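Peer 1: quick one, what's the 3D model for this:
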Amino acid sequence: MADALLLVLRKIALSLGEGALEKIGTEVVEAAPIFTDFEHSMRQIEGEFSILQAFIGQVSAQKVGDKTFDAWLDQVRDVAHEVEDIIDEYAYLTVQFGESGSFFKRKFHRIKNFAAWQKFPGQISQVEARIRRLAEMRNRYGISVGELDRSKNLRHANQLSLSGSAYLTDNSEIVGNVEEIGRLTQWLLEEKQDRNLIAILGMGGLGKTTIASSVYKNEQIRMVFDCHAWVTVSQTYQVEELLREIISQLIDQRASMESGFMTSSRTRLVEVIQNVLRDKRYLIVLDDVWDKDVWLFFNYAFVRDSCGSKVLITTRRKDVSSLAVDNYIIELKTLKYDESWELFCKKAFRASKDKICPENLRYLAEKIVAKCQGLPLAIVTIGSILSYHELEEHGWKFFYNQFRWQLDNNPELNWISNVLNMSLHDLPSYLRSCFLYCSLYPEDYKIRRNTICKLWIAEGLVEDGGNGITMEQVAEYYLTELTQRSLLQVTERNACGRARTFIMHDLVREVTSSIAKMEKFGTAYGNVSITQAAHEARRLSIRRAQSLDSLASSRLRSFILFDFEVSSSWIYDVVSRFRILRVLFSYVEELPLEITILTNLRHLHVCVIRDLQQRSLDCLSATKILGNICHLKNLQSLHTVSANKDLASELGNLTQMRSLTIMNVRQCYVTELWNSLTKMPNLRKLLFFASDVDEILSFKVLNPLPNLKFLWLAGKLDGGMLPSIFSKFEKLTQLKLDWSGLKKDPISSFSLMLNLVDLWLFGAYGGEQLTFRTGWFPKLKSLQLADMEHLNQIEIENGTMMSLHLLELAGLRNLKAVPEGIKYIRTLHQLYITDMSNEFIERLQGSDNHIVQHIPNIHNFDSSDSQAVNNVIFLPYLAKKFGPGAMKYAPGK
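Peer 2: Here you go, the predicted model:
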C-alpha cells in the first residue's frame, strides 16, 4: 500500500517544485488564486500522506491477514488514487493554460477547460474530508501501533514456511534436484574443520525447505554431528525468540526452564548457546531467512571452532545467500518437464497402483503440469487436490479453465498464493509498483531490460538518483534487486554478462496480476472484448482485442496493445479520453490531432512493421501524426515519427528524449535534426531513416551524440564514406547500417568501437572483401551481413570476434565459398544462411562443411519460402519480442 502513497508523494513534490504560476506566465493573473490555493492544499495533503506512509510501514508487518486493516488500506489507496488523478489533471491543464500560440488559440483552450479548473476546489475538499475520515476509522476500529505479539507472528510465519515443507516429508517422493542434494550431502559430510555456512537459494515454492529437511533428517548425516537444531526465521522474527528455540532443541527443555533461560536477556541467551556448542560438532538449520542482519547475532552465538560444524540457511534472496563464502551455495531451478510430470502423477494418481495418468485425462493433465512451470509447491498442491476428483474429463477441464479463479479463491490453493505473496510483501515501496507493472506483460513474455526501464521511468516509478546517476541506472538497479529476490529470472545476458531479458514465472505473474487488478494498479487481458475490461484500471495491457471502440477509462496512465492486427480506427474514438495518459504502445498507421494535447505522455511507441527480416529501407513505416508532436515536451521515447520542416526545427524542444525513431529524412533536414538531437543529453537509442534509397545523407561538421548506445542508420552516406563522428561513438553497443553505399571496407573503423555487441550491415558496402583482423571485436555477440551484391570474400583471422554467438549471411549472391575463418570462432552457436547462391549451399553441405561442423544450429532457407520464413523468422520474432506464449496468437495458429 505504501507504494501507492510513495508515487503520489513523488508527484506532489514534482508538481509543487515546477511552479505553475511561473510556467503559465504573468498574463493570467486572474487565475493566481486557483494555483496558490491548489499548492497550499497539496502541501497539507503531502504532510498527511507522509505520516500515513510512515504509519502503514510501521504497522503492516503486525497486521498480516487482518481483514479490518486490509479494508482500511483499500480506503487509503482510493484516496491516494484520487489525489493522483487531481495532480495529473492539474499538470495537464497547467500546460494547456500556458500554451504558446495565437491569442484566440490560448483563449479557446482556457474557456474549454474552465469547467475542469472549477472542479478542483470541490475535489480537494472531498479529499481532505476523506483523509479526516480515514483517521476517524483508524481510531474507531483500533488500527494502531501496538505491542507486537511476536509469538502469534512467529506461529503464523512458521505455518507459512512449514506449509512449503510438509508437502514432501517422505524422501522417497522427492523428485529432481538429485545433483543439488548430492552436492549438499557432500558438503555436510566433508572433513573441513572450520565452521562452514551453506546456503540454499531459490524462489518461493521450489522446495528449499524440503531439501534442507531431507538432509537434516538423514541418519547418515545426523550421526556425524554431536547436536542439531532447526529454526524458521521468517520475515517477522524476534532474535530472543529464535535463540530460545535453538536452546530448547540443544538441551533438555525441563533443564532450560529450571535454569530460567526462557526469560533471560539476549546477551545471556547468546552465552548459553556458546557454552552448549563449544567443542562440539553441530548442525544448525536457519530456514526461510529474509534479512542478512539476523546473521550478525547468530554468527556471534554459533561458536567458530575447528570441529567441522555446519550452518545451513534457506533463502529467496541472493544478498542473504552471499553470506556463504567460497561458493557454498545451492541455487535451485524449476523442475524439468519430465520431473514435473513424475511428481504430479505421484500426487494426483496416488490411489492407483502404478500412479499412471489415465489416457482420457492425459491432455488436460499435461496442460495443468505445463501451467505449473516446474514449481514443486504448485505441482504437489494441485496434484493433491485433483487426487480427490473423479477421474473424468469434465471435472478436470472445469478446473483447468478456472485455474486463475481457483488460485484466487480455492482455500486449498491458498498456500501457493501465500508462499508466493511473501516475496511481494517483502518488497520496499519503490520496488513494489515496478514489480506490479511487470505483471501487465503476457504470460511467458520476455521482458527486455531497456524497454521496462523506459516504461518505469515514463510512469514516474523511478527515483532520481542524483550525483550524476541516471534514471536508467536506478531502474537497472531495481531490476537487479528483483532478480536477487528471486522474483524475476534472467533469460539472456549480453557479452558483458549484463542481463538483457527477464521472465516472470507464470504462477508468480498470476498472483501478482490478481493483486494489481484488486488494487486498481493495472489489468492484463489475453484475448477479450474491451467491454470486459475493468474501467477502474489505471493501466491496461491487451494481448489480443476484438474491439476497442468502447474503451472509456479516463484514468489510464498506460495503454499497451500487443495486437498488430487491430484496425487503427479505434484510436480516433478513444484518444480524447486519454488526457492523463503517460504510456501508449500500439501498432497503428495514423494518430489523430488530439494526440498532440496529451501533454502528460512520456512514452509513445506506434509503428507498423513491414519487413520482419529488416532487409529493406521501408521495413518500418512511420505512423502518420496529424499535428506537431513537438508540443509534447515530456516525451522520453518516440517511435516512429516522419521528418518534416516543423519537426526539424522544433525537435530540440524534446530535451527529455531517451529513445527516438525518425523516418523519411531528407538531406535538407539533417543538420537541423542532428543539432536538435544534441540537445537531448539522455538520448541512448536512435533510428534514423532516409526518405528513399537515392537520398544522400551528409553528417559532415556535426557534433557526436556521446551517450548513444544504439544506432540504426538507414540511407546512402555522402561520398560513400563513414562520417568522422563515428569515431566518437564510444559507448555504442549496437550498430546497424542499411544501404549506406560504402566504398571502403568499414570493418577497421568499426573495430575501434570496443563496446560493440551487435553489428548489422545490410546492403551497406559495395566492395568485394570484408576483413576481420585478430583482436578486433572482443565483445561482439551477433554479426549479420546481408544484400551486399559485390561481396565475394570474407576474411576472418584467428583471434577475432572471440565471443561471437550468432552469424547470419543473407543475400550475398557473389559469395561462393564458406569463409574459412569461421572455423576459428568456437563460440558460434547459431548460423543463419538465407538467399545464398546454389554454389555456396553446395560447398556448405560438401567440401566446406568441415568449417562449420562445430556450430550446433545451422539454419538454411530461402525468403521466398513463406513456411520457412514463418518458422525461422516470424514465430521466433514473436517469441523474442513477446515471449513463447505469443506464438499461439500468431495468424494461422
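Peer 1: residue ranges with poor pLDDT in the stretch 351-500 of the chain?
Peer 2: By pLDDT under 70, the low-scoring segments of the stretch 351-500 of the chain are 495-496.
Peer 1: where exactly do the helices run in it?
Peer 2: Secondary structure of the stretch 351-500 of the chain (DSSP state H, counting those that start in this stretch): helices at 362-372, 376-386, 393-401, 403-409, 414-425, 429-438, 449-458, 471-484.
Peer 1: the last one packs against which elements?
Peer 2: Contact here means 3 or more Cβ pairs under 8 Å, 6 or more residues apart in numbering; DSSP states H and E; on that basis helix 471-484 packs against helix 318-321, helix 429-438, helix 449-458, strand 499-503. Every C-beta, even on glycine, is put in place using the N, C-alpha and C of the backbone.
Peer 1: rebuild those as a markdown table, extending it with mean neighbour count.
Peer 2: Shown next, in a markdown table, are the helices and strands packed on helix 471-484 (neighbours: other Cβ atoms under 10 Å):
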| stretch | mean neighbour count |
| --- | --- |
| helix 318-321 | 20 |
| helix 429-438 | 22 |
| helix 449-458 | 22 |
| strand 499-503 | 20 |
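Peer 1: identify, out of the helices of the stretch 351-500 of the chain, the most deeply packed stretch.
Peer 2: Greatest average neighbour count among the helices of the stretch 351-500 of the chain goes to helix 376-386 (a mean of 24), per mean count of other Cβ atoms under 10 Å.
Peer 1: what angle separates it from helix 414-425?
Peer 2: Interaxial angle, helix 376-386 versus helix 414-425 (axes from the mean of the first three to the mean of the last three Cα atoms, to 10 degrees): 150 degrees.
Peer 1: contacts for helix 376-386 next, please.
Peer 2: 164, 167-168, 175-176, 204-207, 210, 335, 340, 343-348, 368-369, 372, 396, 399, 410, 412-413, 415-416, 419, 507 (Cβ atoms under 8 Å, 6 or more residues apart in numbering).
Peer 1: same deal with stretch 303-311?
Peer 2: Residues outside stretch 303-311 that contact it (Cβ under 8 Å, 6+ apart): 187-188, 191-198, 225, 274, 277-286, 298, 302.
Peer 1: return the set of buried residues in it.
Peer 2: Within stretch 303-311, the residues that qualify as buried are 303, 305, 307-311, counting by 16 or more other Cβ atoms under 10 Å.
Peer 1: what does stretch 588-606 give?
Peer 2: Within stretch 588-606, the residues that count as buried by 16+ other Cβ under 10 Å are 588, 591-592, 594-606.
Peer 1: among these, which ones are in strands?
Peer 2: 591, 603-606 (DSSP state E).
Peer 1: state the pair within those residues that is farthest apart.
Peer 2: Pairwise distances across those (Cβ to Cβ) peak at 14.0 Å, for the pair Leu591 and His603.
Peer 1: could you measure from the closest residue in space to Glu240 that isn't next to it in sequence over to Phe298?
Peer 2: Of all residues not flanking Glu240 in the chain, Arg266 sits nearest, at 5.4 Å (Cβ to Cβ, 6 or more residues apart in numbering). Arg266 sits 12 Å away from Phe298, going by Cβ to Cβ, to the nearest Å.
Peer 1: try Arg138
Peer 2: Taking Cβ to Cβ, one finds Arg138 at 37 Å from Phe298.
Peer 1: who's more crowded, these two?
Peer 2: Higher neighbour count among Arg138 and Phe298: Phe298, with 22 against 18, using other Cβ atoms under 10 Å.
Peer 1: quick check: phi and psi at the nearest residue to the more buried one once chain neighbours are set aside.
Peer 2: Setting aside the residues directly before and after it, Phe298 is nearest to Leu286 in space (Cβ to Cβ, 6+ apart), at 6.7 Å. Main-chain torsions, Leu286, degrees, to the nearest 10: phi -110, psi 100.
Peer 1: for the remainder of this discussion, apply numbering that starts at 45.
Peer 2: I'll keep to 45 as the first residue from here, and by that count the last item is Leu330.
Peer 1: close enough to count as contact, Leu330 and Val277?
Peer 2: Yes - Leu330 is within contact range of Val277, at 5.5 Å (criterion: Cβ atoms under 8 Å).
Peer 1: what touches both of these two?
Peer 2: Val338.
Peer 1: contact partners for Ser881?
Peer 2: Listed by Cβ under 8 Å, 6+ apart, the contact set of Ser881 reads 857-860.
Peer 1: buried sites along the top helix by length along the chain?
Peer 2: Criterion DSSP state H: the longest helix present in the chain is helix 111-141. Across helix 111-141, burial judged by 16+ other Cβ under 10 Å covers 113, 116-117, 120-141.
Peer 1: packing partners for that helix?
Peer 2: helix 46-62, helix 64-68, helix 76-103, helix 147-156, helix 158-184.
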